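> only the shape, not the letters, is given here:
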């Protein structure tokens, strides 16, 4: 009994040591994030574009912006690389702010970002506080009843493994058979994994074992310390983590709306007429290549849309 206790204690100490080492490495990576990402308020490397006559022409003649000559955009700074605060703790930076600036450039307008709590965007947009919301909003059929949408990024969940993992690809249900995976409890990504497990069991394959951790840091640590084989969660934060410290890598993506799709879009007031102009501007940015540059700047090349759309099919009302 005494020897068993010693072995158990040693195992616990080893596990804590591995976690502490991984946490230190991740923290060191965070300290060097500035080497790969620009979090300065100046944002001198932001891509810019010229005025787009076709997009400007698509703005309805009677449309009134919140401020004349300004595109006012609601945005929730929640996490890099999508949107966060710069080193001055007040300037919003990330891909969404960069994209908002490009859209404003294309419309021949100045940009004013209004930082908001994400849950507040529907009321603020409906009440006319801002012209548009560019804040990682996914298209759903329920949201389309009150808002118009112009898509600008794929909504992706990513499978990330430890950098030296033997796993090379996870793209379909059979690829997760027998693996240990972490994901968010009660999320759309968990729904996908549970459905994949059902299909695998029906096909005579082993289900994946799902483990749950409280936050992104804990999930990444679980991958790095090999407690799980992969982390399946929204792609963007994991892409940032992978680029930042090189300890994890992408082995597959799945649309957030699987088996349907749920792209990320600019939200505007229903029937305002602004959405077609924004879609036109986005497609011109895609064709010119500046859109790809903006994505690459934040390690989000995987999330590039081939074409922007106005009010495409979104997640049905019954989906989580």
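Now that the structure is in, tell me what you want to look at. Note that the structure is predicted; figures quoted are calculated from it, not measured. Numbering: from 1, shown residues only.
> any buried residues in stretch 189-209, and which?
Buried residues in stretch 189-209, counted by 16 or more other C-beta atoms under 10 Å: 189, 190, 192, 193, 196, 197, 200, 205, 207, 208. Just so you know, the C-beta spots here come from the backbone N, C-alpha and C atoms, and that holds for glycine as well.
> one more: stretch 288-302?
Neighbour-count burial for stretch 288-302, counted by 16+ other C-beta under 10 Å, picks out 288, 290, 291, 293, 294, 295, 297, 298, 299, 300.
> likewise for stretch 272-283?
272, 274, 275, 276, 277, 278, 279, 280, 281, 282, 283.
> and of the buried residues of stretch 189-209, the nearest to residue 129?
Nearest to residue 129, judged by C-beta to C-beta, of those is residue 189 at 31.3 Å.
> related to what we said a few turns ago, which one of the buried residues of stretch 189-209 sits closest to residue 251?
residue 208 (14.0 Å).
> for that closest one, give me its contacts.
Counting by C-beta atoms under 8 Å, 6 or more residues apart in numbering, residue 208 makes contact with 176, 177, 178, 179, 180, 181, 193, 196, 197, 200.
> how close does it get to residue 54?
For residue 208, the distance to residue 54 (C-beta to C-beta, to the nearest Å) stands at 48 Å.
> quick one, strands of the chain?
Here the chain has its strands, by DSSP state E, at 70-75, 84-85, 92-93, 110-115, 132-138, 147-153, 156-162, 180-183, 209-212, 230-234, 248-255, 264-269.
> contacts only, for residue 269.
Counting by C-beta under 8 Å, 6+ apart, residue 269 touches 125, 126, 128, 147, 148.
> might you report the residue contacts of the residue nearest to the third one when sequence neighbours are not counted?
Closest residue to residue 128 in three dimensions, ignoring its sequence neighbours and counting by C-beta to C-beta, 6 or more residues apart in numbering: residue 66, at 6.6 Å. Under the criterion of C-beta under 8 Å, 6+ apart, the contact list for residue 66 reads 72, 128, 129, 130, 131.
> what do you get if the cut-off is 7 Å, keeping everything else the same?
72, 128, 130, 131 (C-beta atoms under 7 Å, 6 or more residues apart in numbering).
> hmm, residue 77 is touching residue 89, no?
No: using C-beta atoms under 7 Å as the test, residue 77 is too far from residue 89 to be in contact (10.3 Å).
> picking up where we left off before, inside helices: which ones of the buried residues of stretch 272-283?
Within those, residues falling in helices by DSSP state H are 275, 276, 277, 278, 279, 280, 281, 282, 283.
> which parts of the stretch 51-200 of the chain are helices?
Counting by DSSP state H, counting those that start in this stretch, the stretch 51-200 of the chain has helices at residues 53-57, 95-106, 121-126, 141-144, 188-202.
> show the secondary-structure elements that the first one is packed against.
Under the contact criterion of 3 or more C-beta pairs under 7 Å, 6 or more residues apart in numbering; DSSP states H and E, the helices and strands touching helix 53-57 comprise helix 275-288.
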